[in-house]
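> Everything below, folded, please.
(2 chains)
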Amino acid sequence: MKIAGVILNTFREAIRDKVFITIIVIAILVMVSGKIVQPLAMGEGDKVVKDIGLNSITLFSMLIAILVGGRLVYKEVEKRTIYLVVSRPIHRWKFIIGKYLGLLLVLFETLLIMVCAFYLILVLLKISPNLNLLLSVLLTFCELWIVTALAIFFSTFSTPITSSVFTFALYFIGHLTRDLKVLALMSKSPQVKTLSDILYYLLPNLANFNIKADVVHNVYIEPKVFMFTIIYALFYSSIIIVLSCLIFERKDF
Amino acid sequence: MGRIIVTENLTKDYRTGFRMQSVRAIENLNLEVEAREIFGFLGPNGAGKTTTIKILVGLAQPTSGRAMVLGKPTTDVTIKKQIGFLPESPYFYEYLNPTEYLYLCAQLSGVDKDIQKKQVEKYLALVRLERFAKMSIKGFSRGMLQRLGIAQALIHNPEVVILDEPMGGLDPIGRREFRDIILSLKTQGKTIFFSTHILADVEMICDRVAILLNGKLINTGRLDDILGTEIETYEILIKGMDRKMIKVLERLSEKVIPSEDKVLVEVKSEEEVERIMVIIREVGAKLVSLVPRRKTLEDHFLNEIKKERLKEI
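Just a heads-up that it's a prediction; the model follows:
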């Protein structure tokens, strides 16, 4: 299958990149640093270690998604390696989807490595790991579907720096969209209400993927909310990837 | 089989700059390439050769007009299965080795999984890269990259092979190898379309040529028709002529180029050749070679370019 070729090639490219290995090593080192903080946390040491671990996993996987995703398509166009792909009997949309799935595979592997390291650290620190930690990581992965899709979207028409900046900006704004909803509810102006509502639904709603605090404090997570969040990630990332395919389809090289 | 590549009033405009100004790269290009021929596509830098090739292989879309390969529009993805493409100065995934790269190309081109291994081995051997099969492409020389390029263009056994400046940057041995590969492709029944600046290569192997200038086709046809079969000059290489006789030759010839122990004489007619031969016999010099030359493609090419540029003025 041709998409499989693109997926495997994207995967190979990323894991043979030294930057990828470097980021994973740094992430694990940051997790290990939780051991230093643990005794200083006044009885909350376990929660702090879990918090640092989960946030490292999120931060560094987002970093990979934004930095690698932001140059994924652009690099192929600039280096002209795209010539020998697009001139073959493969639809351009399959190329974009292959690139997207390839990077998701890389991110999945990254999360797997970091989660294994995290659990090992918890065991070594005699902290009992619970299943909810995995639920948090799963939602992080779902959030990555959206962030990676955005990075690839920008990569189809702008430079790596611009793509990374825009993706990061949307990631940041995505965690503040709840405030837009509050603004819409509180505002007396119908125009502000409408605009806030439009922006709320248009921008990625990433705050829903952040259940780290709930997990660390053993708060119950509603299965319905959990499932809805996953479906939202699937739906939103699909729309962004379709837009990416449409832009890429019309591109001249 | 008929016409393999056809363009009808093909025009391509690019938008560049901040104001998105339109720049016309090719204009109303009408080309036909017949089955099983080697077609040379010539033109100075910026003539529109690469733009035309990009449209043929689906890297760019026409602004107006159409381009067809094997009867199908170039926007049809399925036709690419029958096209092998080598871009100018090809770029590859440097983190792969040639075996991995050719497997990827075979997969993307729809080669059956059962025969991928055989095809990869066959084309690595054809381009003499078997020894480097597991070496990272990053360490490849220019010649090795070109050879890998031709291998990836042929891996799926296409009917049409499109090459953009395939011999640029190659040494004489590399160019000879490439010419031999192109000739062997023709004997296999393939159609080859290639652009180049190296006119000597075109004269050696092409059946027909087209000359492009400023995006417009200015001439096309069989080499014999374009250049004619008439002899333009005769080059006579003589050994053993003294300076006095060289002065005599200068009065009787178009051009005389003395070197260490030889002199090259250029004359225009058979009568003049006869006169020079008589002189050689009388002075006891030695005839090294007599080479009749017809008009070269370079002469024709430069004349055509000059004519077009004068028209513009």
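
> So in terms of bridging, what pairs with the residue sitting nearest the centre point of chain B?
Closest residue to the average C-alpha location of chain B: residue B:196 at 4.1 Å, with CA atoms, centre = their mean. Beta-bridge partners recorded for residue B:196 (DSSP bridges): residue B:42.

> Could you report the separation of it from chain A?
To chain A, residue B:196 is 18 Å away according to CB to the nearest CB, to the nearest Å. C-betas here are computed from N, CA, C, even on glycine.

> Let me see the backbone angles for residue A:211.
Note on residue A:211: its backbone torsions stand at phi -110, psi 20 [degrees, to the nearest 10].

> for residue B:198, same thing?
Per-residue torsions, residue B:198: phi -90, psi 90 (degrees, to the nearest 10).

> got the contact list for it?
Counting by CB atoms under 8 Å, 6 or more residues apart in numbering or on different chains, residue B:198 touches B:167, B:168, B:175.

> Quick one: buried ones out of the residues you listed?
Burial by neighbour count, judged by 16 or more other CB atoms under 10 Å in any protein chain shown, picks out B:167, B:175 from the contacts of residue B:198.

> Out of the contacts of residue B:198, which comes closest to residue A:174?
Residue A:174 lies nearest to residue B:168 out of the contacts of residue B:198, by CB to CB, at 48.3 Å.

> nearest spatial neighbour of that closest one, skipping sequence neighbours?
residue B:88 (6.4 Å; CB to CB, 6 or more residues apart in numbering or on different chains).

> Let me see the contact set for the one you found.
B:50, B:164, B:165, B:168.

> Neighbour-wise, give me the winner out of these.
Compared across those, residue B:164 has the highest neighbour count, 24 neighbours, by other CB atoms under 10 Å in any protein chain shown.

> secondary structure class for the nearest residue to that one once chain neighbours are set aside?
Closest residue in space to residue B:164, ignoring its immediate chain neighbours: residue B:88 at 4.4 Å, by CB to CB, 6+ apart. With DSSP: H, G, I helix; E, B strand; the rest coil as the basis, residue B:88 sits in coil.

> tell me which element residue 135 is part of?
Reading this off chain A. helix A:131-155 (DSSP states H and E).

> Oops, wrong one, chain B.
Residue B:135 belongs to no helix or strand, assigned by DSSP H and E.

> Run through the residues that contact residue A:206.
By CB under 8 Å, 6+ apart, the contact list for residue A:206 reads A:143, A:146, A:147, A:171, A:174, A:175, A:177.

> Surely residue A:77 is in contact with residue A:253?
Yes - under the criterion of CB atoms under 8 Å, residue A:77 makes contact with residue A:253 at 6.4 Å.

> Poorly predicted segments of the stretch 151-300 of chain B, please.
Under the criterion pLDDT under 70, the flagged ranges of the stretch 151-300 of chain B are B:228-230.

> Among the contacts of residue B:88, which lie within helices?
In helices, defined here by DSSP state H, the members of the contacts of residue B:88 are residue B:50.

> Can you list the buried residues in the helix holding residue A:135?
Buried positions in helix A:131-155, judged by neighbour count with 16+ other CB under 10 Å: A:132-133, A:135-155.

> Restricting to these, which residues neighbour chain B?
By CB under 8 Å from any CB of the partner chain, no member of the buried residues of helix A:131-155 lies near chain B.

> ok, back up a step: now the helix holding residue A:135: average pLDDT?
Helix A:131-155 shows a mean pLDDT of 93.

> now do stretch A:91-98
94.

> That one and chain B in contact?
Yes - with CB under 8 Å from any CB as the criterion, chain B is reached by stretch A:91-98 at residue A:91.

> Put the alpha carbons of that stretch into CSV.
The C-alpha coordinates for stretch A:91-98 follow below in CSV (Å, rounded to 0.1, in the frame of the first residue of the first chain):
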residue,chain,number,x,y,z
HIS,A,91,-2.4,10.9,-5.0
ARG,A,92,-1.1,14.0,-3.3
TRP,A,93,-3.7,13.6,-0.5
LYS,A,94,-2.2,10.1,0.3
PHE,A,95,1.2,11.8,0.7
ILE,A,96,-0.1,14.3,3.2
ILE,A,97,-2.0,11.6,5.2
GLY,A,98,1.0,9.3,5.0
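
> Verify the contact between residue B:60 and residue B:12 for me.
Yes - at 6.6 Å, residue B:60 counts as touching residue B:12 under the criterion of CB under 8 Å.

> Mind listing the shared neighbours of these two?
Contacts common to residue B:60 and residue B:12, judged by CB under 8 Å, 6+ apart, are residue B:51.

> I'd guessed residue A:236 sits against residue A:146; true?
Yes - between residue A:236 and residue A:146 there is a contact at 5.3 Å, judged by CB under 8 Å.

> what do these two both touch?
Common contacts of residue A:236 and residue A:146 (CB under 8 Å, 6+ apart): residue A:204.

> ok, which residues in the stretch 1-150 of chain A are in contact with chain B?
So far as CB under 8 Å from any CB goes, the stretch 1-150 of chain A lies against chain B at A:2, A:4-6, A:8-9, A:12-13, A:16-17, A:79-81, A:83-91.

> Would you show me how to pick out the buried ones of those in ChimeraX?
One line in ChimeraX is enough to select the buried ones among the residues of the stretch 1-150 of chain A next to chain B; burial here means 16+ other CB under 10 Å:
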select /A:2,5,6,8,9,12,13,80,81,83,84,85,86,87,88,89,90
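
> Out of the residues of the stretch 1-150 of chain A next to chain B, which sit inside helices?
Going by DSSP H, the helices hold A:2, A:4, A:5, A:6, A:8, A:9, A:12, A:13, A:83, A:84, A:85, A:86 from the residues of the stretch 1-150 of chain A next to chain B.

> how much space between the last one and residue A:204?
According to CB to CB, to the nearest Å, residue A:86 stands 29 Å off from residue A:204.

> Helix, strand or coil: sort out residue A:218 for me.
Put simply, residue A:218 is coil when judged by three-state DSSP.

> If I follow the layout properly, residue B:84 ends up in contact with residue B:149?
No - contact criterion CB under 8 Å: residue B:84 and residue B:149 do not qualify, at 10.1 Å.

> Just want to know which of those two has more residues nearby.
Neighbour count, other CB under 10 Å: between residue B:84 and residue B:149, residue B:84 has more, with 28 against 22.

> for the helix or strand hosting that one, packing partners?
Using DSSP H and E, residue B:84 falls within strand B:83-86. Judged by 3 or more CB pairs under 8 Å, 6 or more residues apart in numbering or on different chains; DSSP states H and E, the packing partners of strand B:83-86 are helix B:142-154, strand B:160-164.

> 10 Å instead?
On a contact count with 3 or more CB pairs under 10 Å, 6 or more residues apart in numbering or on different chains; DSSP states H and E, strand B:83-86 meets helix A:83-86, helix B:49-56, helix B:142-154, strand B:160-164, strand B:191-196.

> what's the span of stretch A:12-22, first residue to last?
End-to-end distance for stretch A:12-22, by CA to CA, to the nearest Å: 16 Å.

> same thing with stretch A:171-182?
19 Å.

> Buried residues in it, which are they?
So, applying 16+ other CB under 10 Å, buried residues of stretch A:171-182: A:171, A:174, A:175, A:177, A:180, A:181.

> So what touches it?
Here stretch A:171-182 makes contact (CB atoms under 10 Å, 6 or more residues apart in numbering or on different chains) with A:62, A:65-66, A:143, A:146-147, A:150-151, A:195-210, A:236.

> Pull out the buried members of these.
A:62, A:65-66, A:143, A:146-147, A:150-151, A:196, A:200, A:204-206, A:208-210, A:236.

> Apart from its neighbours in sequence, what residue is nearest residue 206?
Unless you meant another one, I'm taking chain A. In space, and not counting its chain neighbours, residue A:206 is closest to residue A:174: 3.4 Å by CB to CB, 6+ apart.

> not what I meant, chain B
residue B:40 (3.8 Å).
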